[in-house]
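[1] what shape does this take:
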Amino acid sequence: MSEDKEIQDFDRIEKFLEGKLSHEDARRFEAAMNEDEAFRSTVEELGILFDGIQYTGRRAMVAKMAVWDSEQDIEKEREPKLFLLKPWYKKYGFMGIAASLALLMGFFIFFYNQTPSSEELIGEYYERLFIPGVTTRGENTNRTIKAKAQIAYNNEDFEAAIVGFETLDPSMVSNEDRVYMGLAHFELDHFDEAIRYFDMIPKDETINYGRAQWYKGLTQLKAERFDDARYTFTQLMESDSSYRAKAIAILEEF
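    Sure thing, here's the model as predicted:
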C-alpha cells in the first residue's frame, strides 16, 4: 500500500471515529469493517486509544508544550500546538498504521504513568494561608464579627469562619478576606463556592489576583476538573504573578 493511500485510510478512520463521515461514507466504511476482520480490529484499537488520548494525551501535551515554550523563552504570542494526528504523522513520516498505534500507545502510557493523582498533587502543592495579626479588640460590631471569623479560620473551624464572613456588612469584606473565604470553602470541598470567591478578585489587584488564581486552579484540580485546572495554571504561567513558577512546576506533573 502506498504512503498516500495509508494516510487516506488513517484520515478516514479518524473521521469515522469522530462522526465526521457522511451517512453514505459511514455505511461504506462499516461494510469494509465487516468484510475485513484485521481492519475492524485496527479501527477498534484506535477508538480505544482516541478515547484515552483525547483527554489524557492531547490535553496533557498542550499543557506540557506550553511549559516547554515558557522555559525556553519562546514568545508568548505563539500558542501551543495541539497534538493532532494528521500534522504529526505528515511531519515525521507515515510509518504504517501498526507503528503509529504503537507510538500513540507509548504516549498514552507515558502520560498515564507519569501523572500523579489529584490528591497527591494537592498534598504536594497546597499550603493553607494563615491570617496574621488577628485581634478582637474594639467596640465595632463588624470588626468583632470579622475578628471571630478570622480566628475561626485560623483554628480550622471553616464552617464558623464562612458564617462569620458572610454575616459582615459587604463594605467590611476585603478582597483578601474573599481569598480566605474561598480557602474555607476549598477545605470543605465546596468547590463551586470556592471558585466563586476566587473569581471575585480583580486583575488589577496583582497580589491577591495571582494568589486567588493559584488556589482556583488547586480547587479545580481537587474537584478533578483537570482541563479547567490546566487552563487556569497556564494562564497563571503566562502572567507576571509571583505564583508563576508554581504554575510551571505543577503543569509539568499532570
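[2] count of neighbours near Glu120?
    12 (other Cβ atoms under 10 Å). Backbone N, C-alpha and C define where each C-beta goes, glycine included.
[3] check which helices and strands the helix or strand hosting it is in contact with.
    Secondary structure from DSSP states H and E places Glu120 in helix 118-125. When contacts are defined as 3 or more Cβ pairs under 8 Å, 6 or more residues apart in numbering; DSSP states H and E, helix 118-125 sits against helix 206-222, helix 244-251.
[4] please pull up the helix or strand immediately following the longest one.
    From helix 206-222 onward toward the C-terminus, using DSSP H and E, the following helix or strand is helix 226-237.
[5] what helices or strands is that next one leaning on?
    For helix 226-237, the elements it packs on are helix 58-71, helix 206-222, helix 244-251, judged by 3+ Cβ pairs under 8 Å, 6+ apart.
[6] quick one on the thing from earlier: list the buried residues in the helix holding Glu120.
    Of all the residues in helix 118-125, those buried under the rule 16 or more other Cβ atoms under 10 Å are Ser118, Leu121, Tyr125.
[7] now those in a markdown table, with pLDDT and distance to Phe233?
    What follows is these, written out as a markdown table (pLDDT from 0 to 100; distance: Cβ to Cβ, whole Å):
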| residue | pLDDT | distance to Phe233 |
| --- | --- | --- |
| Ser118 | 90 | 13 |
| Leu121 | 94 | 11 |
| Tyr125 | 95 | 10 |
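[8] closest one to Asn154 out of those, please.
    Using Cβ to Cβ, Tyr125 comes nearest to Asn154 of the buried residues of helix 118-125, at 21.0 Å.
[9] need the contact list for that closest one.
    Leu218, Lys246, Ala249, Ile250 (Cβ atoms under 8 Å, 6 or more residues apart in numbering).
[10] which of the helices and strands packed on helix 226-237 comes out lowest on mean pLDDT?
    Among the helices and strands packed on helix 226-237, helix 58-71 has the lowest mean pLDDT, at a mean of 55.
[11] give me the element Leu46 is part of.
    Leu46 belongs to helix 37-52, assigned by DSSP H and E.
[12] I'd say Ala247 and Lys216 touch.
    No. At 11.3 Å, Ala247 does not count as touching Lys216 under the criterion of Cβ atoms under 8 Å.
[13] got the confidence number for Thr167?
    92.
[14] wait, Glu159
    Glu159 is given a pLDDT of 97.
[15] what's the answer for Glu14, then?
    78.
[16] quick one: what helix or strand has it in it?
    Per DSSP H and E: helix 3-17 holds Glu14.
[17] so after that helix, what's the next helix or strand?
    Immediately after helix 3-17, counting by DSSP H and E, sits helix 23-35.
[18] outline the domain layout of this protein.
    Split into domains by automatic domain parsing, the chain comes to 3-115, 120-251.
[19] lowest average confidence across those domains, which one?
    Among the domains of the chain, domain 3-115 scores lowest, with a mean of 63.
[20] burial measure for Arg27, as a count.
    11.
[21] residue contacts, it?
    Contacts for Arg27 (Cβ under 8 Å, 6+ apart) come out as none.
[22] ditto for Ser242
    Taking Cβ under 8 Å, 6+ apart, we find Ser242 in contact with Ile207, Gly210.
[23] what of Tyr197?
    Here Tyr197 is in contact with Arg178, Val179, Met181, Gly182, His185, Ala212 (Cβ under 8 Å, 6+ apart).
[24] so which of those residues sit within helices?
    Arg178, Val179, Met181, Gly182, His185, Ala212 (DSSP state H).
[25] among those residues, name the buried ones.
    Buried by 16+ other Cβ under 10 Å: Arg178, Val179, Met181, Gly182, His185, Ala212, out of the ones in helices among the contacts of Tyr197.
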